[in-house]
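Chemist: Provided below for reference: sequence and predicted model.
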Amino acid sequence: MILATSMHAKEVIPALEEKGLTVFALNPENLDEILESIQTVGKITGKEEEASELVTQLGNRIKAVTDKTEKLEEKPKVFHITWHDPLWSVGSETFIHDLIEKAGGENVFQDITGYKVVDLEEVIARNPEVIIGPTKHGTSEPIKWVKEEEPRLGSTDALKNDSLYTIKGDIVSRPGPRIVDALEWFAYFIHPKIFEAPKAEKSAYSLVGS
């Protein structure tokens, strides 16, 4: 069996099926659906008990974050930059948008849907207070570009307050169990006075502003 996502539906999945291979596609758009997908994979692989145990553990960790963020009155504006040439961000109906909201932030591009190219001037106008981007994503790092190569973003509160953060691309860009690691880091980035830095290898994550 091969696991795939809906982005492979037009070409890759049919090509694999023509070779007689079994393909199962998943397309979770938020954390709840990611947990459902884990449960589903457990069922179709004969590991339902293990999947249920994992989902329970992950659900408890998510709740530990949302119990602190749900009633917050102040929710900093967050810009998640997925790539810079051209400039890409995330809108609603994405699990990264859900990460931002559950971590107690407000996605500055919540009015768009999916993953889209956005205008730099619009980013500046929306004045994010926190900017987060992945490391090891392509050939360069978006946050390095923000900090060192795009002076026009210097007018944003995120740059003025040095609230720029990088997170390992593997944990924030894939809808698997490690997405809860990403949630815990997002919560720390957005509300460092409320959350402590999660325990992880220092090489995996970095705080550009520190």
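Modeler: Ah, there it is.
Chemist: Please, where are all the helices along this structure?
Modeler: Applying DSSP state H to the chain gives helices spanning 12-18, 31-44, 48-69, 95-102, 120-126, 142-148, 157-160, 169-172, 179-190.
Chemist: can I get these in a markdown table with distance to residue 198 and mean pLDDT?
Modeler: Heads up, the C-betas are built off the backbone N, CA and C, glycines and all. Rendered in a markdown table, the data for the helices of the chain read as follows (distance: least, Cβ to Cβ, whole Å; pLDDT from 0 to 100):
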| stretch | distance to residue 198 | mean pLDDT |
| --- | --- | --- |
| helix 12-18 | 34 | 94 |
| helix 31-44 | 16 | 96 |
| helix 48-69 | 10 | 96 |
| helix 95-102 | 13 | 98 |
| helix 120-126 | 27 | 97 |
| helix 142-148 | 18 | 91 |
| helix 157-160 | 21 | 97 |
| helix 169-172 | 10 | 90 |
| helix 179-190 | 4 | 97 |
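Chemist: The ones you listed: which one's closest to residue 197?
Modeler: Proximity to residue 197 (Cβ to Cβ) singles out helix 179-190 among the helices of the chain, at 5.3 Å.
Chemist: Need the single longest strand in this protein, by residues.
Modeler: Longest strand in the chain, counting residues (DSSP state E): strand 77-84.
Chemist: the inter-axis angle of it versus helix 179-190?
Modeler: 120 degrees (axes from the mean of the first three to the mean of the last three Cα atoms, to 10 degrees).
Chemist: Just checking: what are the partner strands of strand 77-84?
Modeler: strand 87-90 (antiparallel), strand 106-107 (parallel), strand 130-135 (parallel) (DSSP bridges).
Chemist: among those, which is the most enclosed?
Modeler: Mean neighbours per residue, mean count of other Cβ atoms under 10 Å, is largest over the strands paired with strand 77-84 for strand 130-135, with a mean of 26.
Chemist: residues touching residue 179, list them.
Modeler: 31, 34, 95, 99, 171-172 (Cβ atoms under 8 Å, 6 or more residues apart in numbering).
Chemist: I'd like the residues you listed as TSV, with neighbour count and distance to residue 51 appended.
Modeler: Shown next, in TSV, are the contacts of residue 179 (neighbours: other Cβ atoms under 10 Å; distance: Cβ to Cβ, whole Å):
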residue	neighbour count	distance to residue 51
31	22	16
34	23	12
95	23	18
99	29	22
171	21	19
172	25	22
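Chemist: quick check, nearest of the residues you listed to residue 77?
Modeler: residue 99 (14.8 Å).
Chemist: Just the pLDDT for residue 141.
Modeler: Looking at residue 141, its pLDDT reads 83.
Chemist: my bad, residue 203
Modeler: You'll see residue 203 listed with a pLDDT of 38.
Chemist: Also the one 5 residues further on?
Modeler: pLDDT, the model's per-residue confidence, is 41 for residue 208.
Chemist: And the residue nearest the centre of this protein?
Modeler: Taking Cα atoms, centre = their mean, the centroid of the chain lies closest to residue 96, which sits 3.4 Å from it.
Chemist: Check whether it really touches residue 79, as I assumed.
Modeler: No: Residue 96 sits out of contact with residue 79 when judged by Cβ atoms under 8 Å, with a separation of 11.3 Å.
Chemist: I'd say residue 146 and residue 131 touch.
Modeler: Yes: if you go by Cβ under 8 Å, residue 146 and residue 131 touch, sitting 5.9 Å apart.
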